[in-house]
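Asker: This is the structure alone, sequence omitted:
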């Protein structure tokens with residue numbers, strides 16, 4: 001069985017997570033909550049947080065949650081609905097829950113919300129299993 005604390009350290013030390021400032025808040029089997037403080041560098045040409053930042057946070061939570069399971073899972077599809085904006089300086093959170101983890105295909109749902117609980121984005125994702133961890 002996968003060791004949650006070992007995975008927590010691996011996720012938090014991944015170069016991309018460190019580069020953006022993402023970190024795990026909670027991690028358990030099939031569940032992850034990740035946070036990110038929105039920086040000025042994340043703004044697009046309209047002075048709004050770039051949607052790619054939101055997608056990245058969703059993907060980080062998605063990957064963390066599904067990779068607490070027995071097999072290695074990789075994303076093959078993610079569908080995002082952007083619902084609201086959040087300002088620079090706000091800390092946002094992404095939660096991911098695995099709904100189904102079969103031998104070959106898995107399904108998860110993800111939500112991004114701000115520090116007041118306002119929903120910023122909702123997403124679903126599909127994974128394929130790459131087999132057992134070595």
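Answerer: That came in fine, so what should we check first? Since the model is a prediction, treat every value here as computed from it, not as a measurement.
Asker: isn't residue 64 right up against residue 11?
Answerer: Yes. Counting by CB atoms under 8 Å, residue 11 is a contact partner of residue 64 at 5.0 Å. Using the backbone N, CA and C atoms, a C-beta is placed for each residue, glycine as well.
Asker: Touching both of the two, which residues are there?
Answerer: 24, 27, 32 (CB atoms under 8 Å, 6 or more residues apart in numbering).
Asker: one step back: neighbour count for residue 64 and residue 11, which is higher?
Answerer: The residue with more neighbours, out of residue 64 and residue 11, is residue 64; 26 against 21, by other CB atoms under 10 Å.
Asker: thinking again about what came up before, now rank the shared contacts of residue 64 and residue 11 by neighbours and give me the top one.
Answerer: residue 32 (28 neighbours).
Asker: residues contacting residue 66?
Answerer: 30, 73, 96, 98, 101, 106, 108, 127.
Asker: and of the residues you listed, the nearest to residue 51?
Answerer: The nearest member of the contacts of residue 66 to residue 51, counting by CB to CB, is residue 96 at 17.8 Å.
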